[in-house]
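# Got a sequence here, can you model it:
(one chain, ligands or ions: 1)
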Amino acid sequence: MLRLVTIPISHYCEKARWALERAEIPYREERHVQCVHVLYAKRAGGGLTVPVLVTPDGVLGESEDILHWVDARTPPEFRLFPEDPAQLAEVETISRRLDAELGPKGRRLIYVHMLQDKRLLLDVNNTGVPRWEDRFLRTGFGLVLPIVRRRLAITPGVEVSDEQDVFRELDWVAELLSDGRPYLSGERFGAADLTFGALSAAVVAPPDYGTPLPSLEQMRPATRDYIARAREHRAGQFALLLVERHRRETISAATASGRSSAGR
Ligand SMILES: N[C@@H](CCC(=O)N[C@@H](CS)C(=O)NCC(=O)O)C(=O)O
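Numbers count the residues shown, from 1 in each chain. Next up, the predicted model:
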């Protein structure tokens, strides 16, 4: 059985879960809270970040590598990355920009907001982690907080520029879609779409995710405000559509329904 070491709320971990579940590759998720995750990520053979996927062929500590590993075990017509070198380069360019921009900026933005609502944050954050880690984070929150702030480079007011950057990235995604392509990856659902669907969770809080997310009603008004605006954005609507159509879609279900492109 594969092991996937995660921080359950992490959207990079969601990217890995989504890819594995779509390809129906069984895995066991090992959920840990922030900071403690380092012990388990390192012990599994990874680095400082999660997801870490432990496979019989070795340990993968980058979400993009996990998608490639899954693809190598997926029938060609359902692979996330195209074979054609030019198309592959385009899909990787889009995915990597999402990994480098929307991922970290959206994450810091939601952390800054949620850190102001400790109880809701911990309830959502700690789903499925070992009991001692839940207690550790609740009682040691004051100790962990400065480490998280430092790791994420949270400085006073950083959420203002993060929000601008997030909406700039959403504009860019909308611009890509404006040529009429059905998916960011081209004619069918692929790595860029899965990456966008997972990483945009921090800004659209989709109704379906690998661990329960809070509803808009549970959030503070300022958080609700930017998430509602992101959901209304053309790219935000696309993100929600990706989740609705593809988050629970499996390759065998797509095959049974006669679709060769996993859900178009
Ligand atoms: N490039 C990595 C990024 C992963 C990443 O940033 N993971 C975060 C969780 S969202 C993490 O482990 N953060 C903990 C830390 O940096 O201490 C990937 O795509 O897998």
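# separation between the closest residue to the ligand within the stretch 151-264 of the chain and Ile7?
Distances between the stretch 151-264 of the chain and the ligand by CB to the nearest ligand atom are smallest at Arg151, namely 4.6 Å. In short, each C-beta sits where N, CA and C put it, glycine included. Per CB to CB, to the nearest Å, Arg151 is found 12 Å from Ile7.
# again, but for Arg73
Applying CB to CB to Arg73 and Ile7 gives a distance of 25 Å.
# Helices along this structure, start to end?
Per DSSP state H, the chain carries helices over the ranges 11-22, 36-43, 63-71, 85-97, 103-114, 118-125, 131-139, 141-152, 158-177, 191-199, 201-204, 221-232, 234-246, 251-256.
# Pipe those helices into CSV and attach mean pLDDT, mean neighbour count and distance to Pro212 per row.
Below are the helices of the chain laid out as CSV (pLDDT from 0 to 100; neighbours: other CB atoms under 10 Å; distance: least, CB to CB, whole Å):
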stretch, mean pLDDT, mean neighbour count, distance to Pro212
helix 11-22, 98, 24, 12
helix 36-43, 98, 17, 19
helix 63-71, 98, 21, 21
helix 85-97, 97, 15, 26
helix 103-114, 98, 22, 14
helix 118-125, 96, 16, 7
helix 131-139, 97, 14, 15
helix 141-152, 94, 13, 20
helix 158-177, 98, 17, 22
helix 191-199, 98, 27, 16
helix 201-204, 98, 26, 12
helix 221-232, 97, 16, 16
helix 234-246, 98, 19, 14
helix 251-256, 87, 14, 23
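# Nearest to Pro214 among these would be which one?
Of all the helices of the chain, helix 118-125 sits nearest to Pro214, with 5.4 Å by CB to CB.
# now that we're looking at Ser215, which residues does it contact?
The contact partners of Ser215, by CB atoms under 8 Å, 6 or more residues apart in numbering, come to Ala205.
# Correction: the previous question concerned Val124.
By CB under 8 Å, 6+ apart, the residues touching Val124 are Ile9, Met114, Thr211, Pro212, Leu213, Pro214.
# now swap in Leu122 and tell me
Asp134, Leu137, Arg138, Phe141.
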